[in-house]
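Colleague: My questions concern the predicted model and sequence given below.
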Amino acid sequence: MANAGEEIGTAAFGGAASEAARTAGSSQAARPARRQRIRIFEDISRRAFAVTAVVSFAVLLLVWSILSYGKMVNPVFLPTPGAVVKTFADLLGTQAYWHHIGISVFRVTSGFVLACLVAIPLGLVAGTFRIGEAFLEPPMEFIRYMPAVAFIPLIMVWAGIGEWAKILLIFIGCFFQLVLMVAADTRQVSKELVQASFTLGATRWQAIQTVIIPAVQPRLLNTMRLMLGWAWTYLVVAELVAVNSGLGYAIMKAQRFLNTDQIFVGIIVIGLLGLISDRIFAFLNKRMYPWV
Amino acid sequence: MSGIAASARDGDRTETARAGAGEIAIRGVTKNYGAGKKEFRALEDIRLTIAANEFVTILGPSGCGKSTLLRIVAGLEDASEGEVAVDGATVVGPGADRGMVFQGYTLFPWLTVRENIEYGPKLRGVPILERRAVSDRYLRVTRLEAFANHLPKQLSGGMKQRVAIARALANGPKVLLMDEPFGALDAQTKLEMQEALLDVWEKEKTTVLFITHDIDEAIFLSQRIVVMGAGPGRIVREYEVSLPGERSPEVREHPAFLRLKRELTGLLKHKEEA
């Protein structure tokens, strides 16, 4: 740990800084001027960043290990990291667990894609035209404060307890937020760019096609990335009720038998899936929009 | 529009574009913002005619409404009273006959330099080979050949503004409206851009209406300077700029240049005090 801390210092400020540090050590009375190590908003090297991130995980793991291996908490409530790793390997070795993962990914993707298909065009209209905003946004603002979870009983009446019920919950959870966020993204498109296209002879439709739609895309992809995180949250909620498959169900079942290690695994798997999808979006954004 | 498209086909579009075209008539334009007690008059009864192929600069302090006036000519804002006509046709909205260069570059960041220049012709459906010829020509005119495939973010401020000028010209506009286009550039780049602009104007001979608050820039560039004052925005005075020979950097030392500069400085200073 101490070593890692030293690493950060050296990596961030290079040889000159460590030399200054040595000088500072040798003649304390002189107190030569030294750059501060942690400065507001200033960049640090990639390496220093990575090391710090690793240290942060290590701290988390350390606290967890002390609490569990040190028997400070009942293992029923907090399994040891070793036990979780073992359960993780065991569960991923079974076909049943992969089935849970598969069905959960399917539900999230379906709900999310449906929400995007409907919400993005509406958001573009609301963001582009004031009249669209007036028509669409006030009701959306109202509905989005209704918790999606509270729709579950209604959804069960409408869609039963089949696949559509889960997909619909994810859809409702994402849709209203998405419309508003896409509208906000659209409004951030530079008005001057649109005006420039008009002075170059663009019609209203051409300005939408050739300026607003290309300009909004990077922000749009970022919004979708955020929204996908929400979709996973709603998935778990959807799978806590009346289901017999999916990661949320696996977590619920584990809870019934106090298998906390399995709950941990379920949560970690969802976290990893979220991380993977997030990285895919980040990668796409970099790849598709090099002009940003 | 059709005239421009047709002449693009025989490869010498600008010849036709400049032929007697590009007269701007600003007829009693008044602009009010807000309503009732909060009503604010930005422009009052502006009357100004700019001949075809003329280079006119509107000079004035910030807040005198000169940008508003330009935006009204561009059709991006409506006049509260009065009207603007280009070659006799009343302006009712923005159009390709009035190219505009904004202070903030406003290049399409997802398009390359060449694609930015071809934007207008592409909208009009000019076939790709002719479009290529047009962009080649304006890349050459603005000396950007080496940067054809660069993205705007890879360019310096001066180069971005060259692209913006090339993009406006590639559309074969009758008039070029420039809203403090060099205001964000450093001093050295600004001088270079002014010379580049004159060079382009000499070749293209479109009408130019140029907005600035920089006295040197106004004298160096224009044939005529229209001085505006604030509160409400109105035309204070007009000056013909008659400088000998070609406009080279040395002209800035010429007595006529310095005399006019002194006069304009005094006028603007006086206006600010009043």
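Modeller: Happy to help now that I have it. Small disclaimer: the values here were computed from a predicted structure and weren't measured.
Colleague: how distant is the stretch of helix or strand residue A:142 belongs to from the center of its chain?
Modeller: Using DSSP states H and E, residue A:142 falls within helix A:130-144. Computed by Cα atoms, centre = their mean, to the nearest Å, the separation of helix A:130-144 from the middle of its chain amounts to 26 Å.
Colleague: so what does that helix touch, helix or strand wise?
Modeller: Where contact means 3 or more Cβ pairs under 8 Å, 6 or more residues apart in numbering or on different chains; DSSP states H and E, helix A:130-144 is packed against helix A:95-128, helix A:163-187. Just so you know, the C-beta spots here come from the backbone N, C-alpha and C atoms, and that holds for glycine as well.
Colleague: Can I take it that residue A:72 is in a helix?
Modeller: No: if the criterion is DSSP: H, G, I helix; E, B strand; the rest coil, then residue A:72 is coil and not within a helix.
Colleague: What about residue 205, how many residues nearby?
Modeller: I went with chain A, as the question did not name one. Using other Cβ atoms under 10 Å in any protein chain shown, the number of residues around residue A:205 comes to 8.
Colleague: could you do chain B instead?
Modeller: Counted by other Cβ under 10 Å, the residues lying close to residue B:205 total 18.
Colleague: measure it to residue A:143 for me?
Modeller: Counting by Cβ to Cβ, to the nearest Å, the gap between residue B:205 and residue A:143 amounts to 59 Å.
Colleague: doesn't residue A:103 make contact with residue A:235?
Modeller: No: counting by Cβ atoms under 8 Å, residue A:235 stays clear of residue A:103, with 10.1 Å between them.
Colleague: Settle it for me: which of those two has more neighbours?
Modeller: Legend: neighbour count by other Cβ under 10 Å for residue A:235 and residue A:103, higher for residue A:235 (27 against 18).
Colleague: List the buried residues in the helix or strand containing the more buried one.
Modeller: When elements are defined using DSSP H and E, residue A:235 is found to belong to helix A:213-239. Under the neighbour-count criterion of 16 or more other Cβ atoms under 10 Å in any protein chain shown, helix A:213-239 has A:214-221, A:223-225, A:227-228, A:230-239 buried.
Colleague: need the contact list for the residue in chain A that chain B sits nearest to.
Modeller: As assessed by Cβ to the nearest Cβ, chain B sits closest to residue A:201 within chain A, at 3.0 Å. Contact criterion Cβ atoms under 8 Å, 6 or more residues apart in numbering or on different chains gives B:1, B:95, B:96, B:120, B:123, B:124, B:171 as the residues in contact with residue A:201.
Colleague: Filter these to keep only those in contact with chain A.
Modeller: Restricting the contacts of residue A:201 to those near chain A by Cβ under 8 Å from any Cβ of the partner chain leaves B:1, B:95, B:96, B:120, B:123, B:124, B:171.
Colleague: Could you check how many residues crowd around the fourth one?
Modeller: Okay, so that is residue B:120. 26.
Colleague: excluding its backbone neighbours, what's nearest it?
Modeller: Across the structure, with Cβ to Cβ, 6 or more residues apart in numbering or on different chains as the measure, the residue nearest residue B:120 apart from its sequence neighbours is residue B:171 (3.4 Å).
Colleague: ranking the helices and strands packed on helix A:130-144 by burial, who's on top?
Modeller: The highest average neighbour count among the helices and strands packed on helix A:130-144, using mean count of other Cβ atoms under 10 Å in any protein chain shown, belongs to helix A:163-187 at a mean of 23.
Colleague: Give me the distance from that one to the chain's centre.
Modeller: Relative to where its chain is centred, helix A:163-187 has its mean C-alpha point 15 Å off (Cα atoms, centre = their mean).
Colleague: Can you check what angle separates the helix or strand just after it from helix A:213-239?
Modeller: Past helix A:163-187, further along toward the C-terminus, the next helix or strand under DSSP H and E is helix A:191-199. With axes from the mean of the first three to the mean of the last three Cα atoms, to 10 degrees as the criterion, the two stretches helix A:191-199 and helix A:213-239 enclose an angle of 130 degrees.
Colleague: Can you point out the buried residues in the helix or strand where residue B:27 lies?
Modeller: Per DSSP H and E: residue B:27 is located in strand B:24-33. Of all the residues in strand B:24-33, those buried under the rule 16+ other Cβ under 10 Å are B:24, B:25, B:26, B:27, B:29, B:30, B:31.
Colleague: Paired strands for that strand, with orientation please.
Modeller: strand B:40-50 (antiparallel), strand B:81-86 (antiparallel) (DSSP bridges).
Colleague: Rebuild the ones you listed as TSV, extending it with mean neighbour count and mean pLDDT.
Modeller: Conversion of the strands paired with strand B:24-33 to TSV gives the following (neighbours: other Cβ atoms under 10 Å in any protein chain shown; pLDDT from 0 to 100):
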stretch	mean neighbour count	mean pLDDT
strand B:40-50	18	93
strand B:81-86	18	94
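Colleague: nearest spatial neighbour of the spatially most central residue of chain A, skipping sequence neighbours?
Modeller: The structure's chain A has its C-alpha centroid closest to residue A:229; by Cα atoms, centre = their mean the separation is 4.4 Å. On the basis of Cβ to Cβ, 6+ apart, the spatially nearest residue to residue A:229 that is not a chain neighbour turns out to be residue A:274, at 5.9 Å.
Colleague: Which positions in the stretch 51-200 of chain A make contact with chain B?
Modeller: Near chain B, when you scan the stretch 51-200 of chain A using Cβ under 8 Å from any Cβ, you find A:190, A:192, A:193, A:195, A:196, A:197, A:198, A:199, A:200.
Colleague: Tell me how many other residues surround the fourth one.
Modeller: What that stands for is residue A:195. Neighbouring residues of residue A:195 were enumerated by other Cβ under 10 Å; the total is 21.
Colleague: could you say what helices and strands the one helix or strand residue B:131 maps to packs with?
Modeller: Taking DSSP H and E as the definition, residue B:131 sits inside helix B:128-141. Other helices and strands packing on helix B:128-141, by 3+ Cβ pairs under 8 Å, 6+ apart, are helix B:2-9, helix B:113-117, helix B:119-123, helix B:157-169, helix B:187-204.
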